[in-house]
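1. Next comes the sequence, and after it the predicted model I'd like to discuss.
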Amino acid sequence: MNAYKHRREIILLGLPPVTPEVKGMWHKGYPVHKGETESSINFATLYAHKKGIVPDQDLLRREWLNFVGTLLQAGFHLHIIPFPEELNRPDSLYHDAVFIRDGGLIFRGIWIKSRFSVKDRIFEGEFHSRLIESKLGKTVVTLPEGAFLEGGDVNYLETRQGSYYFGGLSRSNRQGHDFVREIIRPDNYILIESEGYHLDTVFTPVVTADNRLAAVILAADGIKPASMARIRKLGIQVIKVSAQDSSGLDDQLGDYAVNALLAPGIMVNSSLFKTPGVEETLKKLGIERYIAPLTSFKYAGGSVHCLTNEIY
């Protein structure tokens, strides 16, 4: 058995209950959110809005239950926290609170609370923090004024080569990442400018069973040249994928395969990579693959990584 298989504890937010007033997640359609920059628009929600897509609630719940089962099969220990009642009301539907990744990150005894650049999502950060504080006993740490940080822009790893902090600069800013850097003190600190509205829509690391950072998978067309140069300086394999494995391009919505949850020797995402050669490369690296389709969630621009958050 993979020696690192049970070292990851994961938080999930349960789905909101269906009520007479609220008929389920995104039952009036997917909200369109944009952060501080033009490139931070959520392409998936814009696509769903234009197409008039509303999720089938039965399918959404089946996909979520299958997703939970897949995480258990992959060896993750899950903490499923009830959806906050305050966000499941008719006057409070313009959020994506089920994506608990975005609300912040846990490091040892603290929860570093996100400051959302998307104004409609600010309340999510407040309620996530209360839940983490009450259910897990973590101390909430707030960012200083002028600092923005959303958890989807952070990928933090502790490996046998040292720790790595990858930070996206789309809906988060340098002040936000620098604040976290002072707390975590990673061995490697890499900030990345990208066209994705969160870093996890264009980028994922790959960690082998012996807990070694062996590669990164990225949608190269969405990452600025200077950031690509910083990534290449790490001396690890760079696996490029097409826009289809990210958020898509023009009028074609992507599959968000790059939005993956990983542990040593394990990768969980919502679909196989369509880019030729990627799955073969992962197999050569000894990565166990687990797939949980999340069609209903990709129209909100989120997938496996968005729905989960690690306890370090």
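-> All right, it came through fine. Numbers count the residues shown, from 1 in each chain.

2. pLDDT (mean, whole number) over the longest helix along the chain?
-> Among the elements of type helix in the chain, defined by DSSP state H, the one spanning the most residues is helix 57-73. Helix 57-73 shows a mean pLDDT of 96 in the predicted model.

3. Can you list the buried residues in that helix?
-> For helix 57-73, burial by neighbour count (16 or more other CB atoms under 10 Å) applies to 57, 60, 61, 63, 64, 67, 68, 70, 71. Placement of C-beta: from N, CA and C, glycine included.

4. ok, the fourth one - contacts?
-> The neighbours of residue 63, taking CB atoms under 8 Å, 6 or more residues apart in numbering as the test, are 292, 293, 294, 295, 296, 297.

5. out of the residues you listed, who's nearest residue 119?
-> residue 297 (22.3 Å; CB to CB).

6. how about the helix or strand hosting that closest one as PDB, C-alpha atoms only?
-> Residue 297 belongs to helix 295-298 when assigned by DSSP states H and E. The C-alpha trace of helix 295-298 is given here as PDB (Å, rounded to 0.1, in the frame of the first residue of the first chain):
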ATOM      1  CA  THR A 295     -20.800  18.100 -14.800                       C
ATOM      2  CA  SER A 296     -23.100  20.200 -12.600                       C
ATOM      3  CA  PHE A 297     -20.200  21.900 -10.800                       C
ATOM      4  CA  LYS A 298     -18.100  22.700 -13.900                       C
END
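
7. Which positions in that helix come out as buried?
-> Neighbour-count burial for helix 295-298 flags 296, 297, 298 (criterion: 16+ other CB under 10 Å).

8. With stretch 221-231 instead?
-> Buried residues in stretch 221-231 (16+ other CB under 10 Å): 222, 223, 227, 228, 230, 231.

9. Contacts for it next, please.
-> 190-196, 202-203, 216, 218, 220, 238, 243, 246.

10. just to revisit the earlier point, for the contacts of residue 63, work out which two are farthest apart.
-> The distance between the two most remote of those (CB to CB) is 11.8 Å, for 292 and 296.

11. Give the rounded mean pLDDT of stretch 185-202.
-> Mean predicted lDDT for stretch 185-202 stands at 92.

12. Go through it and flag the buried ones.
-> Buried residues in stretch 185-202, counted by 16+ other CB under 10 Å: 186, 189-202.

13. Low-confidence stretches in the protein?
-> Scanning the chain for pLDDT under 70 picks out the ranges 1-7, 33-40, 93-94.

14. Now do the helices in it.
-> Ranges of helices within the chain are 43-51, 57-73, 122-136, 174-184, 225-232, 278-284, 295-298, based on DSSP H.

15. closest to residue 208 out of the ones you listed?
-> With CB to CB as the criterion, residue 208 lies closest to helix 278-284 of the helices of the chain, at 10.2 Å.

16. Against which helices or strands is that closest one packed?
-> Using 3 or more CB pairs under 8 Å, 6 or more residues apart in numbering; DSSP states H and E as the contact test, the elements touching helix 278-284 are strand 237-240, strand 288-291.

17. re earlier: could you say what helices and strands the helix holding residue 297 packs with?
-> Applying 3+ CB pairs under 8 Å, 6+ apart, one finds that helix 295-298 makes contact with helix 57-73.

18. out of the helices of the chain, which comes closest to residue 253?
-> Using CB to CB, those put helix 43-51 closest to residue 253, at 4.9 Å.

19. ok so, going back, quick one: which of the helices and strands packed on helix 278-284 is nearest residue 131?
-> The nearest among those, by CB to CB, is strand 288-291 at 26.3 Å.

20. ok, and what's touching that closest one?
-> With contact meaning CB under 8 Å, 6+ apart, strand 288-291 is reached by 2, 70-71, 73-74, 265-272, 279, 282-283.

21. in its sheet, what does that strand sit against?
-> strand 266-269 (parallel) (DSSP bridges).

22. Output the strand it pairs with as CSV - backbone C-alpha positions only.
-> Output in CSV follows, covering the C-alpha atoms of strand 266-269 (Å, rounded to 0.1, in the frame of the first residue of the first chain):
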residue,chain,number,x,y,z
ILE,A,266,-2.6,9.9,-6.2
MET,A,267,-4.6,12.3,-8.4
VAL,A,268,-8.4,12.8,-8.4
ASN,A,269,-10.1,14.9,-11.0
